[in-house]
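Student: show me the folded form of this:
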Amino acid sequence: VQLVESGGGLVAAGGSLRLSCAASGRSFSRYAMGWFRQAPGKEREFVAAINWSDDSTKYADSVKGRFTISRDNAKNTVYLQMERLKPEDTALYYCGAGAVVLTTDEYEYDYRGQGTQVTVSS
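Tutor: Purely as a prediction, here's the structure:
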């Protein structure tokens with residue numbers, strides 16, 4: 001199983017980015033998928049998650065209203081659309097897959113990618 005994130009980069013504050021996470025090796029169409037991030041010197045934190053059955057979602061308060069998670073089960077891919085980015089959004093963003101329920105707990109996701117760097121300049 002492999003999760004490959006893409007779409008990160010350097011963007012000015014107020015800008016937008018769209019992250020993608022493509023899974024291979026098995027289907028995650030019946031599992032929740034999520035995004036996490038880790039900034040330098042900080043612990044990894046939950047960002048957003050999406051359920052498989054009804055596309056229900058959860059968001060961290062810090063990104064609610066600015067980020068949108070979505071998924072394409074046919075492509076085995078989860079996306080994170082990030083709008084109105086702030087310097088404090090700078091982090092390495094990881095996707096997780098394989099949680100049986102919609103959860104913010106990263107340890108409930110059986111698989112994790114290597115991450116894609118997002119840097120927001122002020």
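
Student: what are the bridge partners for the residue nearest to the spatial centre of the chain, then?
Tutor: Of all residues in the chain, the one closest to the mean position by Cα atoms, centre = their mean is Trp35, 2.4 Å from it. In this structure, Trp35 has the following beta-bridge partners (DSSP bridges): Ala48, Cys95.

Student: list the contacts for it?
Tutor: Listed by Cβ atoms under 8 Å, 6 or more residues apart in numbering, the contact set of Trp35 reads Leu19, Cys21, Val47, Ala48, Ala49, Ile69, Val78, Leu80, Tyr93, Tyr94, Cys95, Gly96. C-beta: built from backbone N, CA, C; applies to glycine.

Student: 7 Å instead, please
Tutor: Shown here is Trp35, whose contacts under the criterion Cβ atoms under 7 Å, 6 or more residues apart in numbering are Val47, Ala48, Ile69, Leu80, Tyr93, Cys95.

Student: could you work out the most separated pair of the residues you listed?
Tutor: Farthest apart among those by Cβ to Cβ are Ile69 and Tyr93. That separation is 11.6 Å.
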